[in-house]
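Peer 1: here is my input, please return the structure:
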Amino acid sequence: MIFVSVVQRGYIDSTLHGPFGSIDEGKRILTDGKDRGDDGDETKYTFFKTSKKGMVEIGYVLFYEEYEENGLETKREEYFPGV
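Peer 2: Have a look, this model is predicted:
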């Protein structure tokens, strides 16, 4: 089972979503179609899977803003090593 923790920059709380049957299902429901973080702030979706050791982090999707030549641009970064 896959669970996703959502943390928004500037806030101390997080939200847990799931369970999902796969990473793709979690991404489809939570991040597909988004082009920026919640309320326009940096937002990180951290994916965990259940294992005999407990919850194990397997990757993340991060929305953040970065200054480019044309000004501030929203970026999306995905990192799922070994998946």
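
Peer 1: going forward, measure contacts and count neighbours with C-alpha atoms only.
Peer 2: Noted.

Peer 1: so where do the strands sit in this protein?
Peer 2: Counting by DSSP state E, the chain has strands at residues 2-8, 14-20, 43-51, 54-68, 71-79.

Peer 1: what is the orientation angle of the second one with strand 43-51?
Peer 2: Spelled out, that is strand 14-20. Taking axes from the mean of the first three to the mean of the last three C-alpha atoms, to 10 degrees, one finds that strand 14-20 is oriented at 50 degrees with respect to strand 43-51.

Peer 1: report the angle between strand 14-20 and strand 2-8.
Peer 2: Here strand 14-20 runs at an angle of 160 degrees relative to strand 2-8 (the same axes, to 10 degrees).

Peer 1: so how far is strand 14-20 off the chain centroid?
Peer 2: On the basis of C-alpha atoms, centre = their mean, to the nearest Å, strand 14-20 sits 11 Å off its chain's mean C-alpha point.

Peer 1: buried residues of that strand, list them for me.
Peer 2: By 16 or more other C-alpha atoms under 10 Å, the buried positions in strand 14-20 come out as His17, Phe20.

Peer 1: the first one too?
Peer 2: The neighbour-count criterion (16+ other C-alpha under 10 Å) identifies Ile2, Phe3, Val4, Val6, Val7, Gln8 as the buried residues of strand 2-8.

Peer 1: show me the shaky parts of the protein.
Peer 2: 40, 67 (pLDDT under 70).

Peer 1: so which residue is dead centre in it?
Peer 2: Closest residue to the average C-alpha location of the chain: Tyr45 at 1.7 Å, with C-alpha atoms, centre = their mean.
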